[in-house]
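let me see the structure of the following:
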Amino acid sequence: MFKLSAILVILLITTMFLNACSMANASVVAIPDPKLDAPLATTKGEQKAVLAGGCFWGIEAVFDHVKGVSKAESGYSGGSADNAQYYTVSSGATGHAESVRITYDPSQITYGQLLKVFFSVAHDPTELNRQGPDVGTQYRSAIFYANEEQKRIAESYIEQLDQAKVFEDKIVTQVVPLKAFYEAEAYHQNYLVNHPNQPYIVTHDMPKLANLRKSLPELYKKK
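Below is the predicted model:
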């Protein structure tokens with residue numbers, strides 16, 4: 001009886017961790033480079049990209065290990081400032097998506113290469129308003145473009161991948177204008193670094209980093 005009770009407690013705790021901010025392990029998908037992309041800049045600079053694809057812990061952790069990325073921040077996009085708080089966003093009624101703002105050097109990596117990482121190892125772009133067991137518009141797949149160039153590259157790449165039937169199902173990623181990005185609470189930032197042994201992180205996010213390192217070694221960097 002004691003052993004059975006202990007097992008039930010462990011299962012309950014594990015379920016709580018997974019439901020807190022969980023998503024299915026993103027599968028490695030071999031995808032081509034984007035046909036339409038911005039060329040590498042000739043001088044160093046700083047640009048930003050905002051992407052959403054399920055729990056922001058995993059997306060942030062992946063892009064923290066991408067060459068040319070100087071910062072990845074978890075936050076919220078799609079809603080207003082007055083409801084950009086985690087527990088409000090978690091209701092699914094705010095219009096926000098858990099998002100990540102990526103600061104990168106366009107002389108080291110292109111916007112299209114960032115999207116290649118996004119589509120191939122960071123999340124599943126064919127799941128509508130969910131990632132794995134997490135259901136709700138706050139977990140939707142979205143590209144929040146900051147300018148017309150980002151919009152053209154994103155839309156072209158999605159069309160390219162759909163036409164090539166890279167995924168079994170059609171990509172449902174939204175391509176929408178970036179109105180604002182609101183940084184998430186401090187305890188969400190660098191979550192993988194600060195909680196490397198948490199069951200959710202070990203189960204769902206560490207494999208993404210391994211997939212990035214294995215499948216896109218030319219874009220992977222140690223941190």
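
report the contact partners of the nearest residue to Gln108 once chain neighbours are set aside.
Distance criterion CB to CB, 6 or more residues apart in numbering; nearest residue to Gln108, sequence neighbours excluded, is Gly68 at 3.2 Å. Where C-beta positions appear, they are placed from N, C-alpha and C, glycine not excepted. Applying CB atoms under 8 Å, 6 or more residues apart in numbering to Gly68 gives the contacts 104-109.

next step: the residues you listed restricted to strands.
Counting by DSSP state E, the part of the contacts of Gly68 found in strands is Tyr104.

among the contacts of Gly68, who's most crowded?
Compared across the contacts of Gly68, Tyr104 has the highest neighbour count, 24 neighbours, by other CB atoms under 10 Å.

ok, back up a step: quickly note the distance from the residue nearest to Gln108 to Tyr157.
Separation of Gly68 from Tyr157 (CB to CB, to the nearest Å): 18 Å.

cool, and His195?
Taking CB to CB, one finds His195 at 33 Å from Tyr157.

again, but for Ala184
27 Å.

next: Ala122.
In terms of CB to CB, Ala122 sits 14 Å off from Tyr157.

and if you look at Val193?
30 Å.

quick one, which of the two is more surrounded?
Just comparing Val193 and Tyr157: by other CB under 10 Å the higher neighbour count belongs to Tyr157, 27 against 12.

can you tell me the centre-most residue of the chain?
Ile59 (3.1 Å; CA atoms, centre = their mean).

follow-up on the earlier one: for Ile153, state which of the contacts of Gly68 is nearest.
When these are ranked by distance to Ile153 (CB to CB), Pro106 comes first, at 12.1 Å.

run through the residues that contact that closest one.
Pro106 sits next to 38, 40-41, 45, 47, 68 when contact means CB under 8 Å, 6+ apart.

from those, which land in strands?
Short answer: those in strands (DSSP E) are Gln47.
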